[in-house]
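K.L.:
heads up, no residue letters with this:
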């Protein structure tokens, strides 16, 4: 696109959403073109902040006609380089789509804009004695649209399921500006193939999620017991998994030491075990008398401070993987044996065999990613558990996905976005 054509294109964007909501100055767009980890920084023609679904449609139509790539962006808390532009694409910031609708108490649900944060949704639900089933440490910046686009899991996935389980209906704008909407779904419908399910976990490559109808659950009332256990092995911790468990989070000694240094939190035990397990439960788990254990709701501070702490240590390599439950200790030991350059921190959701592998100070990020993912696959695991593929794992995803499934996904992409303008760096372009 010539400079004159680009100026005309940006002027047309301003006509749609208003000049204050088209950002082009480098200092102003800096926070939109750099991902949360600081590892991925790109460039953009413009950051556009529509205030309605109609404005989203018009912006996408302009991009479609100009064959200009579009990167949908929510809170920009992604960890795999999938929420930032890489080659001049338009950043479509959805933060202004922050309307929260009334709660339907008969069938507990609510319709919210894609830019509503998890924290705002949870506060709204609490006012009606309800809660939303997905929770993350980044709740005050992560948005509903972003978590749906990546099918986020979070700390309560063991009891409430991932984001896909919470979504009842969606409003989506396709690559040509067409609007699909079903935000008033009945508890049970059988109306043919569901196009909205394709959008969940699609990372903005098939369309722009602008609103969602989500289910709500009974509030917990803050009565849950929170227990921190010291473990010699992760397999030992699996023995505490029961039907009343709401959260089942683990982290290693390196994470604990970093959090203590960063937050000034007290040491929970007089000794330093290799692993820690945080359990939130509706009941009282059976814990041996000689176990390293402490009970207090404030113990969540150790787990929820980990990501912030690690980011403060440097620009981390972040990998989100999962292995079979009977291989969790094999994986934890083998990661250490890889002797990766830098410092390694392990934490995650133990009930799903999920590991967040964080490496700080590594001088060969691509090599480190390859070695860890090779290990995961060798143990029968998966290369992405809840953060998505983005650009970090795109090549691995294409190489390791069953060919027939990959071809099906390619056909879906070509059918819905034949010109390849929707988040082009992600999945297929990474």
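P.N.:
Here it is on my side, so go on. Everything numeric here is computed off the predicted structure, so don't read it as measured data.
K.L.:
residue 262 should be in a helix, yeah?
P.N.:
Yes: with DSSP: H, G, I helix; E, B strand; the rest coil as the criterion, residue 262 is part of a helix.
K.L.:
you'd agree it is up against residue 305?
P.N.:
Yes: Residue 262 lies in contact with residue 305 (CB atoms under 8 Å); the separation is 6.7 Å. (Glycine included, C-beta is placed from N, CA and C.)
K.L.:
more crowded one of the two?
P.N.:
Shown here are residue 262 and residue 305; by other CB atoms under 10 Å, residue 305 has more neighbours (18 against 15).
K.L.:
grab the nearest non-local neighbour of that one.
P.N.:
Nearest non-adjacent residue to residue 305, counting by CB to CB, 6 or more residues apart in numbering: residue 259, 4.7 Å away.
K.L.:
surely the one you found is in contact with residue 310?
P.N.:
No: in this structure residue 259 lies outside contact range of residue 310 using CB under 8 Å: 9.1 Å.
K.L.:
shared neighbours, the two?
P.N.:
Overlap of the contact sets of residue 259 and residue 310 (by CB atoms under 8 Å, 6 or more residues apart in numbering) is empty.
K.L.:
could you pull out the strands for the stretch 251-400 of the chain?
P.N.:
Assigned by DSSP state E, counting those that start in this stretch, the strands in the stretch 251-400 of the chain fall at 275-281, 292-295, 316-322, 343-349, 354-360.
K.L.:
could you say what helices and strands the fourth one packs with?
P.N.:
Under the contact criterion of 3 or more CB pairs under 8 Å, 6 or more residues apart in numbering; DSSP states H and E, the helices and strands touching strand 343-349 comprise strand 245-252, helix 253-263, helix 306-313, helix 328-337, strand 354-360.
K.L.:
can I get the ones you listed in CSV including distance to residue 232 and mean pLDDT?
P.N.:
As requested, the helices and strands packed on strand 343-349 are arranged in CSV below (distance: least, CB to CB, whole Å; pLDDT from 0 to 100):
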stretch, distance to residue 232, mean pLDDT
strand 245-252, 12, 95
helix 253-263, 11, 96
helix 306-313, 20, 92
helix 328-337, 10, 95
strand 354-360, 18, 95
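K.L.:
redo those as JSON lines? Include distance to residue 288.
P.N.:
Output for these, formatted as JSON lines (distance: least, CB to CB, whole Å):
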{"stretch": "strand 245-252", "distance to residue 288": "17"}
{"stretch": "helix 253-263", "distance to residue 288": "21"}
{"stretch": "helix 306-313", "distance to residue 288": "26"}
{"stretch": "helix 328-337", "distance to residue 288": "19"}
{"stretch": "strand 354-360", "distance to residue 288": "26"}
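K.L.:
so which of those comes closest to residue 94?
P.N.:
Evaluated with CB to CB, these place helix 306-313 nearest to residue 94, the distance being 22.6 Å.
K.L.:
the closest one - contacts with which helices or strands?
P.N.:
helix 253-263, strand 343-349, strand 354-360.
K.L.:
turn those into TSV, including distance to residue 97.
P.N.:
Putting the helices and strands packed on helix 306-313 into TSV (distance: least, CB to CB, whole Å) gives the following:
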stretch	distance to residue 97
helix 253-263	34
strand 343-349	29
strand 354-360	29
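K.L.:
could you say which one of these comes nearest to residue 296?
P.N.:
Closest approach to residue 296 among these (CB to CB): helix 253-263, 15.2 Å.
K.L.:
and the closest one, how far out from the chain middle?
P.N.:
Distance, stretch centre to chain centre, for helix 253-263: 23 Å (CA atoms, centre = their mean, to the nearest Å).
K.L.:
then stretch 417-425?
P.N.:
Per CA atoms, centre = their mean, the centroid offset for stretch 417-425 relative to its chain is 21 Å.
K.L.:
again with stretch 395-408
P.N.:
On CA atoms, centre = their mean, the centre of stretch 395-408 falls 21 Å from that of its chain.
K.L.:
what does the helix or strand encompassing residue 406 contact?
P.N.:
Following DSSP states H and E, one finds residue 406 within helix 403-416. Helix 403-416 is contacted from outside by 174-175, 198, 205-207, 398, 401, 420, 422, 427-428, using CB under 8 Å, 6+ apart.
K.L.:
from the chain's centre, how far out does the helix or strand where residue 172 lies sit?
P.N.:
Using DSSP H and E, residue 172 sits in strand 167-173. Distance of strand 167-173 from the chain centroid (CA atoms, centre = their mean) equals 17 Å.
K.L.:
again with stretch 315-326
P.N.:
For stretch 315-326, the separation from the chain centroid amounts to 14 Å (computed by CA atoms, centre = their mean).
K.L.:
which parts of it are buried?
P.N.:
For stretch 315-326, the neighbour count (16 or more other CB atoms under 10 Å) marks 316-323 as buried.
K.L.:
same question for it, mean pLDDT?
P.N.:
Averaging pLDDT along stretch 315-326 gives 93.
K.L.:
quick one: end-to-end length of that stretch, please.
P.N.:
32 Å (CA to CA, to the nearest Å).
K.L.:
and for stretch 197-213?
P.N.:
Note: stretch 197-213 ends 13 Å apart using CA to CA.
K.L.:
tell me the buried residues in it?
P.N.:
Applying 16+ other CB under 10 Å to stretch 197-213 flags 198-213 as buried.
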